[in-house]
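**Student:** The amino acid sequence is not available; the structure is as follows:
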């Protein structure tokens with residue numbers, strides 16, 4: 001009996017390992033489909049593979065969300081996003097999840113939500129190659145007509161110093177555009193040393209076009225939304 005139980009135990013273990021390897025392979029194939037812009041194929045692959053109750057469930061849902069976004073099925077992409085347990089995502093998946101939602105909301109014209117998700121992506125990102133892409137997205141949006149209430153709330157809750165200074169810079173653009181005298185106080189609180197190259201160019205642009213003795217924002221053009 002003891003020998004039989006040992007054999008049964010290893011049979012189950014090998015079966016689980018085999019299934020795990022199969023799921024990993026299907027994830028890799030779905031990634032290849034998405035990279036090749038074969039979005040329908042990626043969606044079918046995820047739907048036809050049982051990822052439920054596996055460690056790869058959230059990963060598969062993120063890939064499905066990206067693929068649905070790829071075919072412009074925004075409603076379904078957001079529906080899938082709600083099924084993802086973002087608290088269980090590792091840093092890399094958190095970044096992909098947040099970046100994807102940022103792109104979706106930007107295309108929808110919901111720039112406050114987009115900005116918030118890009119900030120989350122920047123904070124969780126551990127891939128140095130992705131830094132520039134995330135910063136460029138944030139840099140475009142910080143010059144948009146963002147909500148002052150939302151920017152103020154985010155600053156109160158933000159514990160990442162780089163993100164905090166990006167928020168202050170975005171707030172400075174908004175206050176300058178609204179010709180608020182308070183813009184000087186906010187702008188002077190931005191720590192230039194905490195800004196990357198992309199944001200430093202925006203900082204210098206604001207400083208050049210809105211001197212402290214002039215509240216006009218007329219020289220600052222409108223930045224087109226992300227495509």
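**Tutor:** Received, thanks. On a predicted model such as this, the values are computed, not experimentally measured, just so you know. Numbering: from 1, shown residues only.

**Student:** which residues sit in contact with residue 170?
**Tutor:** Applying CB atoms under 8 Å, 6 or more residues apart in numbering to residue 170 gives the contacts 115, 141, 142, 143, 146, 151. C-beta here means a position set from N, CA and C on the backbone, and glycine is covered the same way.

**Student:** Surely the last one is in contact with residue 169?
**Tutor:** No - Residue 151 sits out of contact with residue 169 when judged by CB atoms under 8 Å, with a separation of 10.1 Å.

**Student:** so which helix or strand takes in residue 96?
**Tutor:** Here residue 96, judged by DSSP states H and E, is contained in helix 91-107.

**Student:** Output the contacting helices and strands for whatever helix or strand comes next after that helix.
**Tutor:** Next in sequence after helix 91-107, counting helices and strands by DSSP H and E, comes helix 111-124. Here helix 111-124 touches helix 91-107, helix 128-141, helix 148-157, helix 161-177, going by 3 or more CB pairs under 8 Å, 6 or more residues apart in numbering; DSSP states H and E.

**Student:** if we go to 6 Å?
**Tutor:** Helix 111-124 sits against helix 91-107, helix 128-141, with contacts defined as 3 or more CB pairs under 6 Å, 6 or more residues apart in numbering; DSSP states H and E.

**Student:** list the buried ones in the shortest one?
**Tutor:** By neighbour count with 16 or more other CB atoms under 10 Å, helix 128-141 contains the buried residues 130, 134, 135, 137, 138, 139, 140, 141.

**Student:** can you list the residues you listed in JSON lines and add distance to residue 52?
**Tutor:** Formatted as JSON lines, the buried residues of helix 128-141 follow (distance: CB to CB, whole Å):
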{"residue": "130", "distance to residue 52": "29"}
{"residue": "134", "distance to residue 52": "31"}
{"residue": "135", "distance to residue 52": "36"}
{"residue": "137", "distance to residue 52": "33"}
{"residue": "138", "distance to residue 52": "35"}
{"residue": "139", "distance to residue 52": "40"}
{"residue": "140", "distance to residue 52": "38"}
{"residue": "141", "distance to residue 52": "36"}
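
**Student:** ok, those residues vs residue 119, which is closest?
**Tutor:** Lowest distance from residue 119 to these (CB to CB) belongs to residue 138, with 6.9 Å.
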